[in-house]
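>>> Any chance you can model this:
(2 chains)
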Amino acid sequence: MDDNDHWLTRPASIRKLWIGFSAVLAMTVLAQLVIGIKGYFGVDSMFGFAAAFGFFSCVAMVLLAKAIGALLKRPEDYYDD
Amino acid sequence: MTELVIPPALVLLSGALLIAITRGLLRNSVLLLAPLITLWAVWQIGDGVEVVGSFLGYEIQPVEGSAVRRLFATVFTLMALIGGLFAFRQARTAELAAAFAYAAGAVGVAFAGDLITMFLYWELMAIFSTVLVWCGGTPQARAAGIRYAIIHLLGGVILKVGIEGIVVHTGSVEIQPMLATNFDTWMVLIGILINTAAPPLSAWLADAYPASSPTGSVFLSAFTTKSAVLALILLFPGEGVLIWVGLYMIFYGIIYALLENDARRILAYSVVNQVGFMVCAVGIGTEMALNGAAAHAFAHIFYKALLFMSAGVVIYRTGKSRCSDLGGLFRTMPITTVCGIIGALAISSFPFTSGFTTKTLISVAAEHEGLVFVYFALMAASAGVFLHAGIKFPWFVFFQKDSGMRPKDAPWNMAAAMIICAAVCIGIGVFPEPFWALLPYPVDYVAYTPSKVLFYLQLLLFSGLAFFLLLPLMKRTLTISLDTDWLWRVAGLRVANACLKGFERLGVLVAGLKASLYDNAPRLTSVLTSTGALGRTWQIGTTALWIVVLLTLYVALYFL
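Just a heads-up that it's a prediction; the model follows:
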């Protein structure tokens, strides 16, 4: 069995996955026009708030991790004498 | 009080003893029956004190029941059962026996009606969890186990100091809600927080759990931190400082997990992260928040065990745990991949998994109390959990690149245990109501509204987008990240070495002095001979003169 060429790893399917994923993302935001999000503090019922909040919190956390990593990362054998 | 109450912890502890001395089919039946009988015993415990006794002159209550105590004892026992199923064909007997004794300690803490009983079971957990770490069998496991034991014995001593203080100052050993207002209560709080992996001693968790065997980490992930969460629920509900301790743990877990390369260490950091949600909820302290903490602990034990199981299977099959060595395993390990993904979705509180129904209880409790900052921090953290555990773990382990490895899927018992856990994760997510009947307070909360589901879908899916867009920034590196344990593993060692070197130099100096003293001995003793400065006879006049001088000095000093 040749499982090196799994359908999930082909560039064409990865492209399709990206397209599908983007469509789902767009849908979750557009659905807000129909369903409406009842926020607790006003700001969180704004259009696309959760999407933007999720995205930018993650960007911030990755960048923060990157900065902290620059200070705290050490080779794996750091503690071995 | 009923006629005969069987302490559930003792049932499980007897099971552990039997496991240690039996072999083969007999041992396997104990592995199955001991948790089942314990489970039965757990549900025989009514509300209130069920067993009393005396210990060192104190009235103690070894078994006290309540809804939240039964809930935790139930999940601890279930984890012994499912963990036993996961491990019984692969783990050594010593490991299984230690795991059961460790679980017995957790069940004992769950039902402890007084601080003394709690402390005894607390230490039982410390001892057998250390044995469990050692069962990893590698030199790293041995070293990590010693560090783990030191931290937990230290935590035990601090807890003991607090308990003794409370006993001396109030005369009561009862477990009852208190606030950290004086030295005694602070000591108890710190002692408990050490077991939740709170700062500044969080490092023990990510140090020890990944060093254990592939099966050992499944047990380790369940008991210590969650029994500490229960202790917080019983002793410190509404203690405000816990909100901030919890938030710190949440973000500490995310940041360190993002930096980590080892799959099990990623999961270990996310234990700290998830326990942070519970600690924060105890700090909020309302009925809804405490319900949230208890429910989240229950759900967490299952999805975290599931994640550690899937990582355990990968390590068992490939012998590798670094993300940089793994990848592409989905081809030949479909069951492990799917179960790992379900666990990852549940920890991320994805709609229709257990995490969604339990974690939103906590965030809504924060909202009810008007804690705007806490609410949005928890939201950002939910996004961050999806980032570091929800996607990062399955992506780097099962997809990512093709590592070239084609390992077999999980052995049947491991697969069965994973499927049971996955079913619980989805079951609680889809039908939360029966589960809510077990919670300590009545639940007046609708988990699924279209608005809430849509909010979380946006939040989580766009976190997913951020992950894949930022993938170049998250290239795995062969590194570890320094933590506070650097202070004693490196700085402490350096100070100790410097002290040793200082003593060595002092020794050399003293030896030199001694030698020169011996060399000069004849010259020094010569002053005492009949011709030496101190030995020769003085003239009467000189002696009299000295006496006059001394007396004058004395008189002068006397009048001053």
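>>> where along the stretch 301-450 of chain B do the strands fall?
Secondary structure of the stretch 301-450 of chain B (DSSP state E, counting those that start in this stretch): no strands present.
>>> what residues does it put near chain A?
Taking Cβ under 8 Å from any Cβ of the partner chain as the criterion, the neighbours of chain A within the stretch 301-450 of chain B are B:328, B:330-332, B:367, B:372, B:375-376, B:379-380, B:383-384, B:386-387, B:399, B:402, B:406, B:449-450. (C-beta placed from N, C-alpha, C; glycine too.)
>>> and if we set it to 10 Å?
By Cβ under 10 Å from any Cβ of the partner chain, the part of the stretch 301-450 of chain B that sits against chain A consists of B:322, B:328, B:330-332, B:363-364, B:366-368, B:370, B:372, B:375-377, B:379-384, B:386-388, B:391, B:399, B:401-402, B:404, B:406, B:449-450.
>>> in chain B, what residue sits furthest out from the centroid?
Ranked by distance from the centre of chain B (Cα atoms, centre = their mean), the top residue is B:G541, with 83.4 Å.
>>> so B:A203 makes contact with B:I150?
No. With contact defined as Cβ atoms under 10 Å, B:A203 and B:I150 do not form a contacting pair (11.9 Å).
>>> quick one, which of the two is more surrounded?
When neighbours are counted by other Cβ atoms under 10 Å in any protein chain shown, B:A203 comes out ahead of the other of B:A203 and B:I150, with 24 against 13.
>>> Show me the shaky parts of the chain.
All of this refers to chain A. Across chain A, the ranges flagged by pLDDT under 70 are A:1-4, A:81.
>>> that's the wrong chain, I wanted chain B
Residues of chain B that meet the criterion pLDDT under 70 lie in B:1-3.
>>> intersection of neighbour lists for B:A203 and B:I150?
Taking Cβ atoms under 10 Å, 6 or more residues apart in numbering or on different chains as the contact rule, B:A203 and B:I150 both touch B:W488.
>>> Please identify which helix or strand holds the residue farthest from the centre of chain B.
helix B:540-559 (DSSP states H and E).
>>> got the contact list for that helix?
B:537-539.
>>> ditto for stretch B:176-186
Contacts of stretch B:176-186 with the rest of the structure, by Cβ under 10 Å, 6+ apart, involve B:113-115, B:158, B:161-170, B:187-190, B:233-242, B:285.
>>> Now, of those, which are buried?
When neighbours are counted using 16 or more other Cβ atoms under 10 Å in any protein chain shown, those contain these buried positions: B:113-115, B:158, B:161-163, B:165-167, B:187-190, B:233-237, B:239, B:242, B:285.
>>> Just those residues: which are in helices?
Where the buried ones among the contacts of stretch B:176-186 overlap with helices, as defined by DSSP state H, the overlap consists of B:115, B:158, B:161-163, B:165-167, B:187-190, B:233-235, B:242.
>>> any idea which of those residues is the one closest to B:A423?
Proximity to B:A423 was ranked across those by Cβ to Cβ; first place goes to B:I233, at 26.7 Å.
>>> and the closest one, what is it in contact with?
For B:I233, the residues meeting the contact criterion (Cβ under 10 Å, 6+ apart) are B:68-69, B:72, B:177, B:278, B:281-282, B:285, B:289-291, B:293-294, B:297, B:440.
>>> Give me the PyMOL select line for the residues you listed, limited to the buried ones.
Burial among those is assessed by 16+ other Cβ under 10 Å; the matching PyMOL selection reads:
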select buried, chain B and resi 68+69+72+278+281+282+285+289+290+291+293+294+297+440
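>>> ok, of the contacts of B:I233, which one's closest to B:W486?
Minimum distance to B:W486 across the contacts of B:I233 is 27.0 Å, recorded for B:M278 (Cβ to Cβ).
>>> What strand or helix carries the closest one?
Using DSSP H and E, B:M278 sits within helix B:263-284.
>>> re the thing from before, which among the residues of the stretch 301-450 of chain B next to chain A end up buried?
Buried subset of these (neighbour count, 16+ other Cβ under 10 Å): B:322, B:328, B:330-332, B:363-364, B:366-367, B:375-377, B:379-384, B:386-388, B:391, B:399, B:406.
>>> where exactly do the helices run in chain A?
Listed in chain order, the helices of chain A (DSSP H) span A:11-34, A:49-72.
>>> of all those, which gets the most neighbours per residue?
For these, the stretch with the most neighbours on average is helix A:49-72, a mean of 19; neighbours defined as mean count of other Cβ atoms under 10 Å in any protein chain shown.
>>> Who are the packing partners of that one?
On a contact count with 3 or more Cβ pairs under 10 Å, 6 or more residues apart in numbering or on different chains; DSSP states H and E, helix A:49-72 meets helix A:11-34, helix B:241-259, helix B:372-385, helix B:450-469, strand B:479-481.
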